[in-house]
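Chemist: Give me coordinates for this.
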Amino acid sequence: QVQLVESGGGLVQAGGSLRLSCAASGRTFSNYGMGWFRQTPGKQREFVAAISWNGGRTEYLDPVKGRFTISRDRAKNTVYLQMNSLKPEDTAVYYCAAAGQLIATMARNYDYWGQGTQVTVSS
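Modeler: Numbers count the residues shown, from 1 in each chain. Below you'll find the model as predicted:
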């Protein structure tokens with residue numbers, strides 16, 4: 001089992017920044033690819049960013065490329081999502097997830113999920 005707890009969400013004006021954190025506990029965190037997804041009411045959960053187990057590879061949703069950065073601190077068992085130049089369309093509940101593979105962009109490939117943290121970007 002892997003337990004994931006997100007934090008760092010909140011309300012920010014368009015153009016602002018937030019940094020989400022995801023603290024992991026349980027099984028060896030360093031063996032898992034990690035990802036961030038987001039979801040708005042009535043829509044499917046959407047892939048945002050992923051990072052490989054060793055941090056050497058990252059993947060991003062096209063609309064967030066150049067604005068969001070995913071990173072991980074293996075010593076702290078924590079993965080981060082730095083979000084800059086936020087837009088109202090980034091408003092969503094953001095979820096952290098762990099995949100038992102190198103890296104994954106599909107929700108179905110993730111085994112563990114956090115409870116989510118709300119990000120609201122005002123115009």
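
Chemist: going forward, measure contacts and count neighbours with C-alpha atoms only.
Modeler: Will do.

Chemist: Quick check: T40 touching D90?
Modeler: No. Contact criterion C-alpha atoms under 8 Å: T40 and D90 do not qualify, at 9.5 Å.

Chemist: the more surrounded of the two?
Modeler: Counting neighbours by other C-alpha atoms under 10 Å for T40 and for D90 shows that D90 has the greater number, 20 against 15.

Chemist: Not counting its neighbours along the chain, what's nearest that one?
Modeler: Excluding its sequence neighbours, the residue lying closest to D90 (C-alpha to C-alpha, 6 or more residues apart in numbering) is V121, at 6.7 Å.

Chemist: For G56, report the pLDDT, please.
Modeler: Looking at G56, its pLDDT is 90.

Chemist: if you average pLDDT over stretch 28-43, what comes out?
Modeler: On average, stretch 28-43 scores 91.

Chemist: Pick out the residue nearest the middle of the protein.
Modeler: The centroid of the chain falls nearest to W36 when counting by C-alpha atoms, centre = their mean (2.3 Å).

Chemist: how far away is it from S123?
Modeler: 23 Å (C-alpha to C-alpha, to the nearest Å).

Chemist: So what sits opposite T78 in the bridge?
Modeler: For T78, the beta-bridge partners under DSSP bridges are A23, D73.

Chemist: Identify the bridge partners of the residue lying closest to L18 once chain neighbours are set aside.
Modeler: Closest residue in space to L18, ignoring its immediate chain neighbours: M83 at 5.3 Å, by C-alpha to C-alpha, 6+ apart. Following DSSP bridges, M83 is listed with bridge partners L18, F68.

Chemist: show me what contacts M83?
Modeler: If you count contacts by C-alpha atoms under 8 Å, 6 or more residues apart in numbering, M83 has them with 17-20, 67-69.

Chemist: Looking at these, which two lie furthest apart in space?
Modeler: Using C-alpha to C-alpha, the two most remote members of these are L20 and R67, lying 13.6 Å apart.

Chemist: For these two, indicate the residue with more neighbours.
Modeler: A side-by-side neighbour count of L20 and R67, using other C-alpha under 10 Å, places L20 first with 21 against 12.
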